[in-house]
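J.: Pasting the sequence and the predicted coordinates here, then a few questions.
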Amino acid sequence: KPASTEQKKRPQKPKPPPAPPASLVSLMKKDKSVLHFFTSLQENVTYDVDKWKHEAAHWKRMASSLPSSTSKQNVNRTKTTMSTKKVQRNSNNKDEKKQG
């Protein structure tokens with residue numbers, strides 16, 4: 001696939017974060033709760049990313065296990081239903097004109 005197609009599908013990866021400011025490093029060394037906060041935050045982000053990757057893979061497997069003919073049948077059934085409704089509407093309109 002061309003690179004331009006891939007770029008449209010996925011957002012661009014941001015630049016890596018800069019080095020932490022010295023004041024933050026100092027604060028994290030002095031106050032362990034700050035370090036604990038950032039560690040916990042990173043663990044939760046990692047968990048969420050893994051969870052949603054697993055969810056996406058699960059649904060992708062579910063979608064790929066569906067027979068491809070089923071989706072075609074549904075599309076054809078929808079087209080038939082829509083054209084039937086159109087014919088019914090047209091015949092109802094003609095009946096109304098004849099009566100009026």
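T.: That came through, no problem. Residues are numbered from 1 along each chain as shown.
J.: Please enumerate the helices of this protein.
T.: For the chain, applying DSSP state H gives helices covering 3-9, 22-30, 32-65, 68-99.
J.: Which elements pack onto the longest one?
T.: What it means is helix 32-65. The contact analysis (3 or more C-beta pairs under 8 Å, 6 or more residues apart in numbering; DSSP states H and E) places helix 32-65 against helix 22-30. For glycine as for every other residue, the C-beta is placed from the backbone atoms N, C-alpha and C.
J.: Buried residues, the helix it packs on. List them.
T.: Of all the residues in helix 22-30, those buried under the rule 16 or more other C-beta atoms under 10 Å are M28.
J.: now that helix against helix 32-65, angle please.
T.: Interaxial angle of helix 22-30 relative to helix 32-65 (axes from the mean of the first three to the mean of the last three C-alpha atoms, to 10 degrees): 100 degrees.
J.: Which other helices and strands does helix 22-30 contact?
T.: Under the contact criterion of 3+ C-beta pairs under 8 Å, 6+ apart, helix 22-30 touches helix 32-65.
J.: average pLDDT for the helix it packs on?
T.: Helix 32-65 shows a mean pLDDT of 96 in the predicted model.
J.: tell me which residues of that helix are tucked away?
T.: Neighbour counts over helix 32-65 (16+ other C-beta under 10 Å) mark no residue as buried.
J.: List of residues touching stretch 57-70?
T.: The contact list for stretch 57-70 (C-beta atoms under 8 Å, 6 or more residues apart in numbering) is empty.
J.: ignore the last one, stretch 21-41
T.: Under the contact criterion C-beta under 8 Å, 6+ apart, stretch 21-41 has no outside partners.
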